[in-house]
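1. sequence first, then the predicted structure, then my questions.
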Number of protein chains: 2
Amino acid sequence: MSGAKEQAAGSGRGGVRQVDVAALVEQAREGRPRAVARLISLVEGASPQLREVMAALAPLTGGAYVVGLTGSPGVGKSTSTSALVTAYRRAGRRVGVLAVDPSSPFSGGALLGDRVRMSEHASDPGVYIRSMATRGHLGGLAWAAPQAIRVLDAAGCDVVLVETVGVGQSEVEIAAQADTSVVLLAPGMGDGIQAAKAGILEIGDVYVVNKADRDGADATARELNHMLGLGESRAPGAWRPPIVKTVAARSEGTDELLAALDKHRAWMDEHGVLAERRRARAAKEIETIALTDLRARIAAPASATSLTALADQVTQGTLDPYTAADTLLTDLTTAP
Amino acid sequence: MSGAKEQAAGSGRGGVRQVDVAALVEQAREGRPRAVARLISLVEGASPQLREVMAALAPLTGGAYVVGLTGSPGVGKSTSTSALVTAYRRAGRRVGVLAVDPSSPFSGGALLGDRVRMSEHASDPGVYIRSMATRGHLGGLAWAAPQAIRVLDAAGCDVVLVETVGVGQSEVEIAAQADTSVVLLAPGMGDGIQAAKAGILEIGDVYVVNKADRDGADATARELNHMLGLGESRAPGAWRPPIVKTVAARSEGTDELLAALDKHRAWMDEHGVLAERRRARAAKEIETIALTDLRARIAAPASATSLTALADQVTQGTLDPYTAADTLLTDLTTAP
């Protein structure tokens, strides 16, 4: 009875409707796009079944190579992503695209031309495209993106491309969680300074100067070369981020970009960096979940009452806020 | 021996030097500025003795009326603060000023004229002025400001004026933690839109149009009146934020501002709002401390090892991140 009621009450993503998670995961593994979409909606909407979903996905993950693409609006991220999708498809790989860029055509904010160009992949069963809202209700992207990547990974994607705008801190954080981070620039956009501001000069494993047929492309590449200190000597075995020039709209340079990605991946494997990055990514993810969880417990009705009681004592001067925080932590974690 | 070693090793604020907290608190209560400064440095620098300090302060707090002043750079916050200090001093009140505004003369970023004007209070033993760095190392201002307010409160300040720039989210949060929030605007600065963006239209209990001798002051007041919906009817007993026009540089309107603050305080007392706000403020403070504390425990060497072990399992797919987060929380809080 209760189940039927819940089912009737549930609607849309993040609703309370009970889902057969095992069946969904099985369908996602078979590459059925609706199942993948449903799973991402469940993790994005912080469904009550989120834990069940993540537990079911866990044994199926680890196979996907995650590439982050970031850069200021207008550098051609979506076009580059699309060109990469075409190249990977030609090589027979299954590709997932996670667009967390508000100006991405997937998210509905770009020019019609881009939109048409991207839609060529929409009918390809070997490509799964998903846009994410830039501001989720539980700490935004940084929270949901790793989980959406897990879904695409478990669904059998060989490569997951994560497209983000390199402006906000959370977008940079997401890009930094990729196996390989691609930072895109374009000539004449004052990107050098912007890039430095956003800290994306520190996260790039591969740099792309897109729209390389435009004036100033060489100057941009030179400036970037200088800023990255690529002329300086490095420790033996250290990774030297390559700068690839592309005209993504004409698929020029895409093979070179693909080669650079392959090279970075091989380097990471050779030096144990891939395992290290993935461990760091998982650690960050666990930490974020733990803190989000604790915040939710604090806000839950039962503990909200106890927090109010503690706050009362602090206000009255009978308790200091640190001792109150200790009590809160102990209460919340011993009686979950 | 160990104590002597620690003393020798300790230096500057936030160092490990052991401090006689009880004596410091006693001196602060007597109004000795060096003791107050030392205590604020201890809380700001996240001294190991922080907890001891907060515990010693707790019974002495609750007496100060906390007024937040916020607004965009250039609206005259420091001048207004200074005028308020003069007015409160005339009324025989002890005043604490906490300047968390990077452009404040207290923080060293403003015009010489302002600096000189403010320095008149520097030699007044009834005034305690303290600037805070805008970015602390443990989550910034939002973390340290409430504790610095506690120090000033315990030191016997009747009024604590907290001056912040109404731009960043954390500054707005601090202003929102005051008993009474004053939002300042000035004519012709396009403040209306800026204010709306920063969300400060929601936090003001009293609005000030400073530099009211300039062109456009009436228009700014009218626009503000419209944006706040002050012409609309309100529930009986609801607070209707007054708009006070001032020329702080000539102390014009300061008495009216003081009267508006007194009126708001009386209204809060009458409606139980003051107690409610302080409870909410304490609750937020406790929550922030608890989360900061948990983050520190996660980063601590012992648990960093266990987080790495959990991350390994997640990477290998033998554990999902949610179960890992549960384990982490349990480990961290049962064995502190």
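-> That came in fine, so what should we check first?
2. assign a three-state SS to residue A:62, would you?
-> What DSSP: H, G, I helix; E, B strand; the rest coil gives for residue A:62 is coil.
3. the closest residue to it other than its chain neighbours: what's it in contact with?
-> In this structure, residue A:62 finds its nearest non-sequential neighbour in residue B:317, 5.3 Å apart by CB to CB, 6 or more residues apart in numbering or on different chains. For the C-beta atoms, the positions are set from N, CA and C on the backbone; glycine is no exception. When contacts are counted by CB atoms under 8 Å, 6 or more residues apart in numbering or on different chains, residue B:317 touches A:58, A:59, A:60, A:61, A:62.
4. now these as a markdown table including neighbour count?
-> As requested, the contacts of residue B:317 are arranged in a markdown table below (neighbours: other CB atoms under 10 Å in any protein chain shown):
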| residue | neighbour count |
| --- | --- |
| A:58 | 22 |
| A:59 | 14 |
| A:60 | 17 |
| A:61 | 22 |
| A:62 | 14 |
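5. and these, which is closest to residue A:331?
-> residue A:58 (29.9 Å; CB to CB).
6. how near is the closest residue to that closest one other than its chain neighbours to residue B:209?
-> Nearest residue to residue A:58, sequence neighbours excluded (CB to CB, 6+ apart): residue B:320, at 4.0 Å. Distance of residue B:320 to residue B:209, given as CB to CB, to the nearest Å: 56 Å.
7. same deal with residue A:149?
-> Relative to residue B:209, and taking CB to CB, residue A:149 is found at 50 Å.
8. before we move on, the earlier item: my guess is the residue nearest to residue A:58 contacts residue B:314. True?
-> Yes: assessed by CB atoms under 8 Å, residue B:320 is found in contact with residue B:314 at 6.9 Å.
9. what do those two both touch?
-> Common neighbours of residue B:320 and residue B:314 (CB under 8 Å, 6+ apart) are residue A:58.
10. for the residue nearest to residue A:58, give me its contacts.
-> Applying CB under 8 Å, 6+ apart, the residues near residue B:320 are A:51, A:54, A:55, A:57, A:58, B:314.
11. what's the helix or strand for the first one?
-> According to DSSP states H and E, residue A:51 maps onto helix A:50-57.
12. now the element after that helix, going C-ward?
-> strand A:65-71.
13. that following strand pairs with which strands, parallel or anti?
-> strand A:159-165 (parallel), strand A:180-185 (parallel) (DSSP bridges).
14. mean pLDDT lowest where, among those strands?
-> Among the strands paired with strand A:65-71, strand A:159-165 has the lowest mean pLDDT, at a mean of 88.
15. low pLDDT regions in the stretch 201-336 of chain A?
-> Scanning the stretch 201-336 of chain A for pLDDT under 70 picks out the ranges A:334-336.
16. strands along that one, start to end?
-> A:206-209, A:243-245 (DSSP state E, counting those that start in this stretch).
17. how far does stretch A:311-322 sit from the chain's center?
-> Stretch A:311-322 sits 41 Å away from the centroid of its parent chain (CA atoms, centre = their mean, to the nearest Å).
18. check stretch A:290-302 too.
-> On CA atoms, centre = their mean, the centre of stretch A:290-302 falls 24 Å from the chain's centre.
19. tell me if it is near chain B.
-> Yes: judged by CB under 8 Å from any CB of the partner chain, stretch A:290-302 and chain B are in contact via A:290, A:291, A:293, A:294, A:295, A:298.
20. counting neighbours, what do you get for residue A:130?
-> 20 (other CB atoms under 10 Å in any protein chain shown).
21. and it, what does it touch?
-> Here residue A:130 is in contact with A:36, A:37, A:40, A:96, A:97, A:98, A:99, A:106, A:148, A:152 (CB under 8 Å, 6+ apart).
22. closest to chain B out of these?
-> residue A:148 (12.9 Å; CB to the nearest CB).
23. which element is the residue lying closest to that closest one once chain neighbours are set aside on?
-> Nearest residue to residue A:148 in three dimensions, chain neighbours excluded: residue A:40, at 5.0 Å (CB to CB, 6+ apart). Applying DSSP H and E as the criterion places residue A:40 in helix A:33-44.
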